[in-house]
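J.: mind looking at a prediction? Sequence and model below.
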Amino acid sequence: MALRQVEVWAESRYDEFLRYKEWCRCFDTDAERRRRRFVEDRNRIMALAIDALHEMGHNVFAAVGYAHMAGDSGLQGLLEQKGYQVEFVIFAKGV
C-alpha cells in the first residue's frame, strides 16, 4: 500500500489521489482509524491557521504531506469549504 501511495503522488495521478479513501485501507483497524483522526484533527488546525493568516492580509503558500490533502476532511477540502480555491501544482521532475 505504501508503494502505491508513493507512486500515485510521484506520478501526479491526481484523480486517483482524490479517491485515496477508497483504496488506502486507512480505516481497516482501530489503530489506523485513530491515526486518520489525528491527521484530520491536524488538518482542521492547519486550515484555521491558514485562514487566520489570510484574514490578517498575508499571502499564504502552504506545503504539506499528501496524506493531509485527501477527502473532505483533508486540508484542501476544508479550505475549499471556507471559500478558498486550492490548486494542485505539479513540479517538473528533477527540480
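T.: Here it is on my side, so go on.
J.: report pLDDT for the residue nearest the centre of the chain.
T.: Residue closest to the average C-alpha location in the chain (C-alpha atoms, centre = their mean): residue 69, at 0.9 Å. Looking at residue 69, its pLDDT is 79.
J.: okay, and the nearest residue in space to it that is not next to it in sequence sits in which element?
T.: Closest residue to residue 69 apart from its sequence neighbours, by C-beta to C-beta, 6 or more residues apart in numbering: residue 76 at 4.9 Å. In this view, the C-beta of every residue, glycine as well, is placed from N, C-alpha and C. Per DSSP states H and E, residue 76 falls inside helix 75-81.
J.: how about residues contacting that helix?
T.: With C-beta atoms under 8 Å, 6 or more residues apart in numbering as the test, helix 75-81 has contacts from 43-44, 46-47, 50-51, 62, 64, 68-69, 71-72, 86.
J.: and it, what's its mean pLDDT?
T.: For helix 75-81, mean pLDDT rounds to 91.
J.: where do the helices of this structure begin and end?
T.: Assigned by DSSP state H, the chain shows helices spanning 2-10, 14-18, 20-23, 30-55, 75-81.
J.: give me the mean pLDDT for the shortest one.
T.: Confidence for helix 20-23, expressed as mean pLDDT, is 78.
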